[in-house]
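Trainee: give the three-dimensional model of this entry:
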Amino acid sequence: MQRPRILVVDDEPQIAEVVEAYLEREGMIVEVCASVAAALAALERVAPDLLVLDITLPDGSGLAVLRVASSSSRRIPTIVLTARATEADRVVGLELGADDYVVKPFSPRELVARVRALLRRTSEGMPPGGVRPSRRRRVGDLEIDYDFHEVSVAGLPAGLTATEFRILALLAENPGEVFTRAHLLDRLGDDGAIFERTLDRHINNLRKKIEKDPRKPEHVVTVYGVGYKMRKL
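Mentor: Sure, this is the predicted structure:
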């Protein structure tokens, strides 16, 4: 099985060294960058399987790196690693496509667990080095490929994050069923990447990518006072 490639972007040498050591101990190939410029160059050269990204960097904001990682044709799953703990900072990261958020100071073991969980979510169902027919589901103009974790809207890629895909996939597997927030988190098998306070934000971001008018959703609809469901068409 191919070893996952992780790009770590952090300008604090002590933190970068610890993260690198823990990830390499898990069998991952790790490259470390300390600036926005170096990270952008590495994204082109390395094509990582996952990005661990600090927001505050000496030559600018790590959000510039996140924008590129989220908008590329091969979207890179991203864990934002930062000392910023305000809700506004978390929201900005989620809006730009981050899959998870870890606030400094942090436990290296927890970070490794989150990296492994995100890699698992983005690669499960894919045979090593192989290609096989995938499970697909159509809901109106949506096409969901469960094995390859891809979603298209009217034939165009939606570019969902791993978390957004998990939410959509679960709702689409159960059209018409209403999920409370607690039920949705429970069925997602939450491993810490989604919290009740950020679930609404993930769903808002999902709607922006799959709905013609996110303010009047046709697919993922709100059942007021209860939760969410995938509308039967």
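
Trainee: give me the domain ranges for this protein.
Mentor: 5-123, 136-230 (automatic domain parsing).

Trainee: and those domains as TSV, adding mean neighbour count and mean pLDDT?
Mentor: (Glycine included, C-beta is placed from N, CA and C.) Shown next, in TSV, are these (neighbours: other CB atoms under 10 Å; pLDDT from 0 to 100):
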stretch	mean neighbour count	mean pLDDT
domain 5-123	18	86
domain 136-230	16	83
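
Trainee: now do the contacts for the one residue sitting closest to the centre of the chain.
Mentor: Centroid-nearest residue in the chain: Asp99, 2.8 Å away (criterion: CA atoms, centre = their mean). Residues near Asp99 by CB atoms under 8 Å, 6 or more residues apart in numbering: 77-79, 118, 161-163, 193.

Trainee: and the strand or helix carrying Thr198, how far out from the chain middle?
Mentor: Per DSSP states H and E: Thr198 is located in helix 196-210. Distance of helix 196-210 from the chain centroid (CA atoms, centre = their mean, to the nearest Å) equals 12 Å.

Trainee: go on, stretch 171-179?
Mentor: 21 Å.

Trainee: just the strands in the protein please.
Mentor: For the chain, strands defined by DSSP state E occupy the ranges 5-9, 29-33, 50-54, 56-57, 60-61, 78-82, 100-103, 136-139, 142-145, 150-153, 156-157, 179-180, 220-223, 227-230.

Trainee: could you dump the ones you listed to JSON lines with distance to Arg207?
Mentor: Listed next are those as JSON lines, based on distance: least, CB to CB, whole Å:
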{"stretch": "strand 5-9", "distance to Arg207": "29"}
{"stretch": "strand 29-33", "distance to Arg207": "33"}
{"stretch": "strand 50-54", "distance to Arg207": "25"}
{"stretch": "strand 56-57", "distance to Arg207": "30"}
{"stretch": "strand 60-61", "distance to Arg207": "26"}
{"stretch": "strand 78-82", "distance to Arg207": "20"}
{"stretch": "strand 100-103", "distance to Arg207": "20"}
{"stretch": "strand 136-139", "distance to Arg207": "14"}
{"stretch": "strand 142-145", "distance to Arg207": "12"}
{"stretch": "strand 150-153", "distance to Arg207": "11"}
{"stretch": "strand 156-157", "distance to Arg207": "16"}
{"stretch": "strand 179-180", "distance to Arg207": "15"}
{"stretch": "strand 220-223", "distance to Arg207": "6"}
{"stretch": "strand 227-230", "distance to Arg207": "10"}
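
Trainee: between those strands, which one is closest to Asn204.
Mentor: Closest approach to Asn204 among these (CB to CB): strand 220-223, 9.8 Å.

Trainee: what residues does the closest one touch?
Mentor: Counting by CB under 8 Å, 6+ apart, 167-168, 171, 178, 203, 206-207, 210-211, 228-231 sit against strand 220-223.
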